[in-house]
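J.: just need the structure, nothing else, for what follows:
(chains A and B)
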Amino acid sequence: MAAPIWVWAFYVALTLFPSVLGNSEGDALYTLRRSLSDPDNVLQSWDPTLVNPCTWFHITCNQDNRVTRVDLGNSNLSGHLVPELGKLEHLQYLELYKNNIQGTIPTELGNLKSLISLDLYNNNISGTIPPSLGKLKSLVFLRLNDNRLTGPIPRELVGISSLKVVDVSNNDLCGTIPTSGPFEHIPLSNFEENPRLEGPELLGLASYDTNCS
Amino acid sequence: MRSLYSYLLLYISMILLLFCTSTKGYSDLEVLLKLKSSMIGPKASGVDDWEFSSSPSAHCHFSGVKCNEDYRVVALNVSFAPLYGTISPEIGLLNKLVNLTISKVELTGNIPTEMRNLTSLKTFNISNNYFRGSFPGEILTGMTQLEILDAYNNNFTGLLPVELANLKHLKHLSFGGNYFTGEVPDKYSDIQSLEYLGLNANDLTGKIPASLGRLKNLKSLILGYFNAFHGGIPPEFGSLTQLKILDMASCNLTGEVPESLGNLKRLRTLLLQQNSLTGRIPSKLAGLTSLKDLDLSLNELTGEIPESFSALQNISMILLFKNKLHGSIPSYVGDLPQLAVLKLWENNFTGELPENLGRNGKLCNLDVSSNYLTGSIPLDLCKGGTLQALILMDNFFFGPLSEKLGNCKSLTKIRIKKNNLNGTIPAGIFNLPLLSFVELDDNFFAGELPPRMSGDSLEMLKISNNLISGEIPPAIGNLRSLQVLEIARNKLSGEIPEQIFEIKVLSKINIRNNNITGEIPPSISRCTSLTSIDFSQNSLSGEIPKGINKLVHLSNSMSPGTG
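T.: As a prediction, the model looks like this:
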């Protein structure tokens, strides 16, 4: 008699899927999901096997199904960011504030050429602010306050004329505060609570060794 | 006699010389060319047609330039050009200028104080640039004809200029989107001609002057975003009887919403969201008979939606989400003739939805999720054929879904999971042209899935944890956009239709915990987009189709009984 191979049920979890299905933006975001710890299950809908991430909650796409917003503020997330985030070329708003994210800011975030708002404030992020962020020529809001960032404030940021709001307060940054370009009008209070930050840069004088790298 | 003649000659030539030099040596043409060289900045781009000419009126044909009959420049209108430079002090020589509009041209630098000579100016628009430094208020004292001053979205710092308090014709004042600090000047209440006052998105602090309530002609008052005012909304704002727009969102407001705001009979838009407002929604706000858009969301308001709001016959958008409101949603809400958007989510509302909600034929977006609402879902939500989003999840609604929803061709999203709904899911829902998201999990829906399905836009179909019986219709294969199908924990029987695996983008299928029998259709091996299947806890038999190996890497063990 023909023996059924299996009796009543099986559950199959597929670990390999054809790359022709892969949506690189969905893959990148799924890589983020895998490196985050998500006790409240806010990322439950983040299914990388779908045609694109546009049906995922907390993701917004434009008419061409390219990701324009990631809204995960105040979501009880921990874990760390991933370099793959830099692939989201149409991303305008990266909102990851008020979580418990650790690790460093990937230098690949400098590839987000459409970015308008980078909000990583109130996390546990360490390491330095990547100079590559100076490539974000559309950036208006840069809020990195209340983290554990070290190193200098990259001078490359001075070239972003569209910057209107910069806040790096409550970190462990060192060196001096840029004063040119958009930094001319950022209030000093947005740099406070950085014990090793030396104050506004002194332009025109010989550079002094501030022991900050 | 001869000495007198030569003396006269000298005198006349001196006068002539004086006459020539008194025009300071620059014609308007020369001024514009000097302006060009400073405006085009390091990239040397923009206003390319501004070139030297010996003709005295050539400059009147420059792009953006208008002259009067004396070839004096009266209007300079340059926008959306890539200039990147600065404004040179020579601009002060264009003293016949009436309209100066240089907007969105990437200009930077300070405003030259020589501009005080532009005493004929009526429009002064330098919005959307990168001008910096303090705004030299002294240049405004002589601009007695000024009607429009627009410096929106620059990088000005320092205090707001007070010199404009004496301008008798100023209608439009916009300093929003800069870095002004300090307080809103009390003297601004002297500008009685003012119709538009925009100070939004700065670093302003201190108390909002109550005296602004004296601006009898004010139609728009925009103070919100990034400012951090001390205290709350001055009750004196109730005197701004011409006001149409009041925007004080996200500026650190505390205290209560003054009931005097109810006197603003012309107010169309009231935006107070994202503050720390407390207390009740004043009943007297029912006086806002012109109100179309109301946003009080993201505050700490308590109490109920006032009964008196039945008077708001023009209201089209009511946003009260994320507050601490309670009580029931008043029944008149169903009678409001223009209501299109109603978002009350995350409050403590109880009771039922008004029975006639939607009967106004205008309802477009309804979100009352995460409350304690009960009763049945009103029948006529889609009466006008405009309902797009129906979000009722996480409440205690019971009864069925109206069949009429199956004819609601405008629907894009239905999220009603976690309620106590029962009855059959209206068949038409599976045929709606724009519906992409259906989430009905965790209810008591029973009956069968319909035999006809044609929803071209349906991407997510989630009906898990209900009481659905009958078979999975073969017509499900027509849902060609379907990516996720979840009908776990129901009472489905019959076999898995082979047509389901013809859906080209089907990625996840979960029919766990039903009573499905028969074999897995071999067509599964052609469903190349499939990545996750859960058929467990059913009564399937037969063999796993061989072709499935082409698709998958089986990672989990199969059930016992393999042979």
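
J.: going by C-alpha atoms from here, please, whenever you check contacts or count neighbours.
T.: Fine.

J.: so how far is the first residue of stretch B:308-318 from its last?
T.: 15 Å (Cα to Cα, to the nearest Å).

J.: flag every buried residue along it.
T.: Buried residues in stretch B:308-318, counted by 16 or more other Cα atoms under 10 Å in any protein chain shown: B:309-318.

J.: give me the residues contacting it.
T.: Contact partners of stretch B:308-318, identified using Cα atoms under 8 Å, 6 or more residues apart in numbering or on different chains, comprise B:283-295, B:332-333, B:336-343.

J.: now do the helices in chain A.
T.: For chain A, helices defined by DSSP state H occupy the ranges A:24-35.

J.: narrow the buried residues of stretch B:308-318 to those in strands?
T.: B:317-318 (DSSP state E).

J.: re the thing from before, among the contacts of stretch B:308-318, which are within reach of chain A?
T.: Among the contacts of stretch B:308-318, no residue lies close to chain A (Cα under 8 Å from any Cα of the partner chain).

J.: and the gap between A:Asn194 and B:Thr350?
T.: 48 Å.

J.: wait, doesn't B:Leu223 sit right on B:Tyr196?
T.: No - counting by Cα atoms under 8 Å, B:Leu223 stays clear of B:Tyr196, with 11.1 Å between them.

J.: quick one, which of those two is more surrounded?
T.: B:Leu223 (24 against 20; other Cα atoms under 10 Å in any protein chain shown).

J.: now that one, nearest residue through space, not along the chain?
T.: Spatial nearest neighbour of B:Leu223, chain neighbours left out: B:Asn200 (4.2 Å); criterion: Cα to Cα, 6 or more residues apart in numbering or on different chains.

J.: residues in contact with B:Pro82?
T.: Here B:Pro82 is in contact with B:40, B:45-46, B:105-106 (criterion: Cα under 8 Å, 6+ apart).

J.: now with 10 Å?
T.: Contacts for B:Pro82 (Cα atoms under 10 Å, 6 or more residues apart in numbering or on different chains) come out as B:39-41, B:43-47, B:104-107.

J.: that's a helix at it, yeah?
T.: No - with DSSP: H, G, I helix; E, B strand; the rest coil as the criterion, B:Pro82 is located in coil rather than a helix.

J.: what's the per-residue pLDDT of it here?
T.: Looking at B:Pro82, its pLDDT reads 83.

J.: do you know how far it is from B:Ser37?
T.: B:Pro82 is 13 Å from B:Ser37, where distance means Cα to Cα.

J.: check B:Ile511 too.
T.: From B:Ile511 to B:Ser37 the distance is 72 Å (Cα to Cα).

J.: now A:Phe57
T.: In terms of Cα to Cα, A:Phe57 sits 52 Å off from B:Ser37.

J.: now swap in B:Ser174 and tell me
T.: Counting by Cα to Cα, the gap from B:Ser174 to B:Ser37 is 28 Å.

J.: report how many residues lie close to B:Leu10.
T.: 12.

J.: cool, and B:Gly238?
T.: Other residues lying near B:Gly238 total 19 when counted by other Cα under 10 Å.

J.: if we can go back for a sec, just the contacts of B:Pro82 now: which is nearest A:Pro130?
T.: Distance to A:Pro130, by Cα to Cα, is smallest for B:Glu106 among the contacts of B:Pro82, at 26.7 Å.

J.: the closest one against B:Asn129, yeah?
T.: Yes - between B:Glu106 and B:Asn129 there is a contact at 4.9 Å, judged by Cα atoms under 10 Å.

J.: compare those two (neighbour count), which wins?
T.: B:Glu106 (25 against 21).

J.: how far away is the more buried one from chain A?
T.: The gap separating B:Glu106 from chain A is 9 Å, by Cα to the nearest Cα, to the nearest Å.

J.: what about that residue, which SS state?
T.: The three-state assignment at B:Glu106 reads coil, by three-state DSSP.

J.: so who does it touch?
T.: B:Glu106 neighbours (Cα under 10 Å, 6+ apart): A:161-162, B:39-41, B:79-86, B:127-131, B:154.

J.: where does the prediction get shaky in the chain?
T.: Since you didn't name a chain, this refers to chain A. Scanning chain A for pLDDT under 70 picks out the ranges A:1-22, A:204-210.

J.: you looked at the wrong chain, it should be chain B
T.: In chain B, residues with pLDDT under 70: B:1-2, B:11-25, B:44, B:549-563.

J.: helices along chain B, start to end?
T.: Using DSSP H, the helices found in chain B span residues B:2-22, B:28-39, B:548-551.

J.: return the closest of the contacts of B:Pro82 with respect to chain A.
T.: Among these, B:Glu106 lies closest to chain A (Cα to the nearest Cα), at 9.2 Å.

J.: quick check: residues of the stretch 301-450 of chain B near chain A?
T.: Residues of the stretch 301-450 of chain B lying close to chain A (Cα under 10 Å from any Cα of the partner chain) are B:436-437.

J.: give me the beta-bridge partners of the residue in the stretch 301-450 of chain B positioned nearest to chain A?
T.: Chain A sits closest to B:Phe437 of the stretch 301-450 of chain B, with a gap of 8.3 Å, by Cα to the nearest Cα. Following DSSP bridges, B:Phe437 is listed with bridge partners B:Lys413, B:Met460.

J.: so who does it touch?
T.: A:55, B:389, B:411-415, B:457-462, B:482, B:484.

J.: what is the neighbour count of B:Glu403?
T.: Residues lying near B:Glu403 (other Cα under 10 Å) number 15.

J.: now B:Ile233
T.: B:Ile233 has 23 nearby residues by other Cα under 10 Å.

J.: picking that back up, looking at B:Ile511 and B:Ser37, which is more packed in?
T.: Higher neighbour count among B:Ile511 and B:Ser37: B:Ile511, with 24 against 18, using other Cα under 10 Å.
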